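Trainee: with the input below, show me the fold.
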Amino acid sequence: QLQSEGLGVHLLHAEESHHTDALLSHRAVYRTMFEDAPPLYLYHRIANEPIEGVGRWVLNNNIEDKDSAIAYVDSWAVMPHLIHAVNDPGKESWIVRRGEVWESDHSFTVRCMPHEDSTHPDSTVYIDISGFAWPLSGFYVQLGENDSPVFAHVSSVAEKQWYLFKRGSTWIIGENPNSPEGLAYVRDDSPLPGLIEGVEWYYSSNGDWQALQTTIISGNADRNVYAGLHDYRSIDFLPESQNFIELKNGIIFPSLGLGTGGIPLSIIESVLIEAIKIGYRMFDMAREYGNEAFLGRILRDSEADSPIPLRDEIFIISKVWPTHLGFNATSNEIQQSLTELESSYVDSYLLHWPICDPSVHWMHCEDTVDKSGTWGQSWRALERAYAEGSVMSIGVSNFDKNLLEVLQEIAVVTPHIVQNHETIGALDMGARIWCGQNDAVFVPYATARNLDFIPSHLKDNLASIAQAREISEHAVVHRFFTLIGSAVIPRSTNAEHLEENLITCRYELIDDEMAMLGW
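Mentor: Below is the predicted model:
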């Protein structure tokens, strides 16, 4: 149901799956059913130039004529009534045409009407699949309203369009909703997928059928499907002595993790296994580090009774290198991360740098994929991945306050995490203030890398505090940053240092000691 003071109230219905325009941008198309007037269409498309990556929901009289739009809102949300669950507050308002002028209309609302078989109006589900069939994971949105509902898989990077549909007492995932064949099935007579109770889903693999753990997340009267997914994907348990920060979307973010940049690939697997076994639950990775596949294999082989926890107990950060800036280039890198991690999601995905500087040899800008690609286009790729559930939070690295303000202007989802270089005596107060004003978590990196070069009085104070506390200077530094609201990601390959870093939050620093370190 669409309602606006200027447009009145309209009921729109999703197109049936057999209709040629049932899907646009892998999202359902809705239209009114007027008997004596042309229909109104509500649909999604990429606005302006596709390379810019601006996802937009549009209300229009003519689905073919983008210049005749009546109203629009920029968002990659999988359904129009869920825009508020994806976009930041203040970024979810529709823009309505008033003659030749476009104006924000806060009275413009879209909501779902209840299905006769459910007390909750929204039938959208997220299906989470473990194991080899993880690419079938994702949001599934309903098409049409017939007795045998069809749900389309919302994935802008999937090689094929998949559907979830019912045949008799069996729910099937396949390419053709008019065929009883598919890649997955479950025996269950529920009228809607959100009501399925059967847990024995079977997936096709080289001619055989294998049972895989499958979870269906749906909305209810108290929370929408996005909130349900965020609850489901949040870490439920952290080992003793570890703290966490709650991101602005409710995702749990461990306040201490292992930085993996610079750890040689020849030893990365053994370091990761040791860190996981002693209690690390957050890992800072990146496409440039080339180490995602190692963690993917470790988690793939973990079992319920293993000292290696399951995937849903680990928070993974990854980052796109500036050689892959641009909407399509970044989208491909996100998909490659998922493939190497063998996971349907990454907990947080960041832009590693805002530009590729040819004068910096280690950036190897000669390998740039899209010479015209920009960080703004890449950010929209992150927004799309976030809205489609393959990334649970998004952020940036090496963005100063000025760039963060520019990002804030163009984004509909602002960063959950900002990761910049900091050390004692050289705090990035501009970015920190921006984070505080916009409910983002600041994560300093390389905090203890150059302690020999900090101002001499701070170096003396650090040594004095460490001696008095009988802990290392590195431990003092890590605790300093966690006490000012940051998560920290120290890198180490030494077992003793890994242990010490892990118990950072057990240490205390009094106000005078914090002041001695420059706070």
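Trainee: contacts and neighbour counts: CA atoms only from here.
Mentor: Noted.
Trainee: which residues in the stretch 301-450 of the chain form helices?
Mentor: With helices called from DSSP state H, counting those that start in this stretch, the stretch 301-450 of the chain shows them at 327-341, 375-387, 401-410, 429-437.
Trainee: what of the chain?
Mentor: According to DSSP state H, the chain carries its helices in the segments 83-86, 225-233, 268-278, 292-300, 327-341, 375-387, 401-410, 429-437, 456-469, 473-483, 495-502, 511-516.
Trainee: and the fifth one, what's its mean pLDDT?
Mentor: Yep, that's helix 327-341 we're talking about. For helix 327-341, mean pLDDT is 97.
Trainee: by contact count, what packs against it?
Mentor: On a contact count with 3 or more C-alpha pairs under 8 Å, 6 or more residues apart in numbering; DSSP states H and E, helix 327-341 meets helix 292-300, strand 315-320, helix 375-387.
Trainee: CA atoms only for the second one, dumped as PDB, please.
Mentor: Coordinates of each C-alpha in strand 315-320 appear next as PDB, following Å, rounded to 0.1, in the frame of the first residue of the first chain:
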ATOM      1  CA  PHE A 315      33.800 -11.600  12.700                       C
ATOM      2  CA  ILE A 316      35.600 -11.100   9.500                       C
ATOM      3  CA  ILE A 317      36.700  -7.700   8.100                       C
ATOM      4  CA  SER A 318      37.900  -7.500   4.500                       C
ATOM      5  CA  LYS A 319      38.800  -4.500   2.300                       C
ATOM      6  CA  VAL A 320      38.900  -3.700  -1.500                       C
END
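Trainee: contact partners of that strand?
Mentor: By C-alpha atoms under 8 Å, 6 or more residues apart in numbering, the residues outside strand 315-320 that reach it are 235, 253-254, 281-288, 330, 333-334, 337, 346-352.
Trainee: quick one: it to chain centroid distance?
Mentor: Centroid displacement of strand 315-320 relative to its chain, using C-alpha atoms, centre = their mean, to the nearest Å, is 10 Å.
Trainee: try the first one
Mentor: Helix 292-300 has its C-alpha centroid displaced from the chain centroid by 19 Å (C-alpha atoms, centre = their mean).
Trainee: same check on stretch 237-251?
Mentor: Computed by C-alpha atoms, centre = their mean, the chain-centroid distance of stretch 237-251 equals 17 Å.
Trainee: what does stretch 124-142 give?
Mentor: Stretch 124-142 sits 15 Å away from the centroid of its parent chain (C-alpha atoms, centre = their mean).
Trainee: contacts for it, please.
Mentor: Residues outside stretch 124-142 that contact it (C-alpha under 8 Å, 6+ apart): 14, 27-28, 78-79, 123, 149-155, 158, 162-164, 193-194, 203, 212-219, 225, 229, 300, 342-344, 388-390.
Trainee: if you set the cut-off to 7 Å instead, what comes out?
Mentor: Under the criterion C-alpha atoms under 7 Å, 6 or more residues apart in numbering, residues 123, 149-155, 194, 212-218, 225, 343-344, 388-389 lie in contact with stretch 124-142.
Trainee: cool, and stretch 165-173?
Mentor: 148-151, 162-164, 177, 180, 182-189.
Trainee: rewinding a little: need the winner for burial among the helices of the chain.
Mentor: Mean neighbour count, computed with mean count of other C-alpha atoms under 10 Å, is highest for helix 375-387 among the helices of the chain, reaching a mean of 26.
Trainee: which of the contacts of stretch 165-173 fall in strands?
Mentor: 150-151, 163-164, 184-187 (DSSP state E).
Trainee: put together a markdown table for those residues, with neighbour count and pLDDT on each row.
Mentor: A markdown table is the format used below for these (neighbours: other C-alpha atoms under 10 Å; pLDDT from 0 to 100):
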| residue | neighbour count | pLDDT |
| --- | --- | --- |
| Val150 | 26 | 93 |
| Phe151 | 25 | 95 |
| Tyr163 | 24 | 95 |
| Leu164 | 23 | 96 |
| Ala184 | 21 | 97 |
| Tyr185 | 22 | 96 |
| Val186 | 21 | 95 |
| Arg187 | 19 | 94 |
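Trainee: any chance of these in JSON lines, plus distance to Arg506?
Mentor: Converted to JSON lines, these look like this (distance: C-alpha to C-alpha, whole Å):
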{"residue": "Val150", "distance to Arg506": "53"}
{"residue": "Phe151", "distance to Arg506": "49"}
{"residue": "Tyr163", "distance to Arg506": "50"}
{"residue": "Leu164", "distance to Arg506": "49"}
{"residue": "Ala184", "distance to Arg506": "48"}
{"residue": "Tyr185", "distance to Arg506": "49"}
{"residue": "Val186", "distance to Arg506": "48"}
{"residue": "Arg187", "distance to Arg506": "50"}
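Trainee: and those residues, which is closest to Glu92?
Mentor: Of all those, Phe151 has the smallest distance to Glu92: 25.1 Å, by C-alpha to C-alpha.
Trainee: ok, now which ones touch the closest one?
Mentor: Phe151 touches 140-143, 163-165, counting by C-alpha under 7 Å, 6+ apart.
Trainee: what residues are bridge-paired with it?
Mentor: Listed by DSSP bridges, the beta-bridge partners for Phe151 are Gln142, Leu164.
Trainee: for it, give its distance to Gly194.
Mentor: From Phe151 across to Gly194, the span is 11 Å (C-alpha to C-alpha, to the nearest Å).
Trainee: and the contacts of stretch 192-202?
Mentor: Residues outside stretch 192-202 that contact it (C-alpha under 7 Å, 6+ apart) are 123, 125, 184-188, 190, 209-212, 214, 216, 218.
Trainee: restricted to buried residues, select those residues in ChimeraX.
Mentor: Applying 16 or more other C-alpha atoms under 10 Å to those leaves a buried subset, and the ChimeraX line that selects it is:
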select :123,125,184,185,186,187,188,190,212,214,216,218
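Trainee: rewinding a little: figure out which of the helices of the stretch 301-450 of the chain is closest to Cys356.
Mentor: Closest approach to Cys356 among those is made by helix 375-387 (9.9 Å; C-alpha to C-alpha).
Trainee: low pLDDT regions in the stretch 151-300 of the chain?
Mentor: Residue ranges of the stretch 151-300 of the chain with pLDDT under 70: 198.
Trainee: any idea how far the residue lying closest to Gln1 once chain neighbours are set aside is from Glu175?
Mentor: Spatial nearest neighbour of Gln1, chain neighbours left out: Leu11 (4.6 Å); criterion: C-alpha to C-alpha, 6 or more residues apart in numbering. In this view, Leu11 and Glu175 are 29 Å apart by C-alpha to C-alpha.
Trainee: likewise Ala329?
Mentor: 27 Å.
Trainee: equivalent analysis for Ala28, please.
Mentor: To Glu175, Ala28 is 16 Å away according to C-alpha to C-alpha.
Trainee: neighbour count for those two, which is higher?
Mentor: The neighbour comparison of Ala28 against Glu175 (other C-alpha atoms under 10 Å) goes to Ala28, with 27 against 16.
Trainee: need the contact list for that one.
Mentor: Going by C-alpha under 7 Å, 6+ apart, Ala28 touches 14, 22, 43, 143.
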